[in-house]
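In: Curious how this folds, go ahead:
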Amino acid sequence: MIRAGAAVLTAVLLTAGGIVTAYAQTQTTCKGCNGQGWYQCSLDCTAKHPCLACEGSGQVSLKAQNCNVCGGKGWSTGCGTPGCTKKHRCNACDGRGRTAIDPSAGAQAAFNRGNVAFDKKDFDEAIAEYTESIELEPNNANAFNARGAAYAIKRRYDEAIADFKAALKIDPNHADAKKMLKFAEQDKAKAR
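Out: Presented below is the predicted three-dimensional model:
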C-alpha cells in the first residue's frame, strides 16, 4: 500500500517489472473497458462481461498506480496461441489494471514479482517468487494457487497438486484452485 499522508502523491516508483507511475487521488476513464464498465472477452463473444479494472463503473481511481504489465487495461491478448483474440486477465494486477504496491511489502511484492515472471513465461522465477510470498504469508491461497499453476506448466504435477490442495485448505471456495486441481490430476494421469 502506498502511503502519502495528506500530501498529493506524484511519484515514479521502480517495481520488479519496470517503472510505474503513481498519481494523485482522482477519477479517470478506465482503460480496460474504455469507460463502458464491461468488455467482450473475444471477437465472437456476445456477452458483456463486467470489467474487473473498474468493477463495472467505467471509472478508476488514480490513487493506485497503473499496472506496468498490462498498461492499466487489466487484460492482454498475448497468450501465445496463434490466432487468439481473447482478452486474457493480466496476472500481474489480477485484472484490475492497477496496483497499490509498497515496494517493501514483502509477501505482496514477491507475489506481484511472481505474477510478472509468470506473464513473461519465466516459470522457474515465478515459482521462486511465489515461494518467497508463501514463506512470508503462509495463509495466502492465491500464492499457493499461482505457484501450483507454474508447477503444472512445468509438468511437476505432484507439487502442483499439493499447492492446489493447500490453497483449498486455506480457502475451500477458491474456484481457480478447484479447477486447476482437477486439471493437474488429469494431466498427471495422462503422463503415466
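
In: ranges for the strands of this protein?
Out: 11-15, 18-22, 27-29, 38-39, 49-50, 59-61, 65-66, 75-76, 88-89, 98-99 (DSSP state E).

In: Which of those strands has the lowest mean pLDDT?
Out: Mean pLDDT is lowest for strand 11-15 among the strands of the chain, at a mean of 31.

In: List of residues touching stretch 141-161?
Out: 91, 107, 111, 114-115, 118, 123-124, 126-127, 130-131, 133-134, 137, 162-164, 166-168, 170-171, 174, 176-177, 180-181, 183-185, 187-188, 191 (C-beta atoms under 8 Å, 6 or more residues apart in numbering). Placement of C-beta: from N, CA and C, glycine included.

In: swap in stretch 120-139?
Out: With C-beta under 8 Å, 6+ apart as the contact definition, stretch 120-139 has outside contacts at 80, 106-108, 110-111, 113-115, 117-118, 140, 143-144, 146-147, 150-151, 153-154, 170.

In: Spell out the residue ranges of the helices in this structure.
Out: In the chain, the helices defined using DSSP state H lie at 106-119, 123-136, 141-153, 157-170, 175-191.

In: need the ones you listed in CSV with mean neighbour count, can you?
Out: Below are these laid out as CSV (neighbours: other C-beta atoms under 10 Å):
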stretch, mean neighbour count
helix 106-119, 22
helix 123-136, 20
helix 141-153, 24
helix 157-170, 20
helix 175-191, 15
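
In: looking at the ones you listed, which is closest to C84?
Out: C84 sits nearest to helix 106-119 of all those, at 15.2 Å, using C-beta to C-beta.

In: could you give the angle of the closest one to helix 141-153?
Out: Per axes from the mean of the first three to the mean of the last three C-alpha atoms, to 10 degrees, the angle that helix 106-119 makes with helix 141-153 is 30 degrees.

In: same for helix 106-119, what does it pack against?
Out: Contact here means 3 or more C-beta pairs under 8 Å, 6 or more residues apart in numbering; DSSP states H and E; on that basis helix 106-119 packs against helix 123-136, helix 141-153.

In: where among those is the average confidence lowest?
Out: Looking at the helices and strands packed on helix 106-119, the bottom one is helix 123-136 with a mean of 92.

In: Alpha carbons only: can I get it in PDB?
Out: Output of helix 123-136 as PDB, limited to C-alpha atoms (Å, rounded to 0.1, in the frame of the first residue of the first chain):
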ATOM      1  CA  PHE A 123       8.100 -20.200 -14.600                       C
ATOM      2  CA  ASP A 124      11.200 -21.000 -12.500                       C
ATOM      3  CA  GLU A 125      11.500 -17.400 -11.400                       C
ATOM      4  CA  ALA A 126       7.700 -17.300 -10.800                       C
ATOM      5  CA  ILE A 127       7.900 -20.400  -8.600                       C
ATOM      6  CA  ALA A 128      10.800 -18.800  -6.600                       C
ATOM      7  CA  GLU A 129       8.900 -15.500  -6.100                       C
ATOM      8  CA  TYR A 130       5.600 -17.300  -5.100                       C
ATOM      9  CA  THR A 131       7.600 -19.500  -2.700                       C
ATOM     10  CA  GLU A 132       9.000 -16.300  -1.100                       C
ATOM     11  CA  SER A 133       5.500 -14.900  -0.800                       C
ATOM     12  CA  ILE A 134       4.200 -18.100   0.800                       C
ATOM     13  CA  GLU A 135       7.100 -18.100   3.300                       C
ATOM     14  CA  LEU A 136       6.200 -14.600   4.300                       C
END
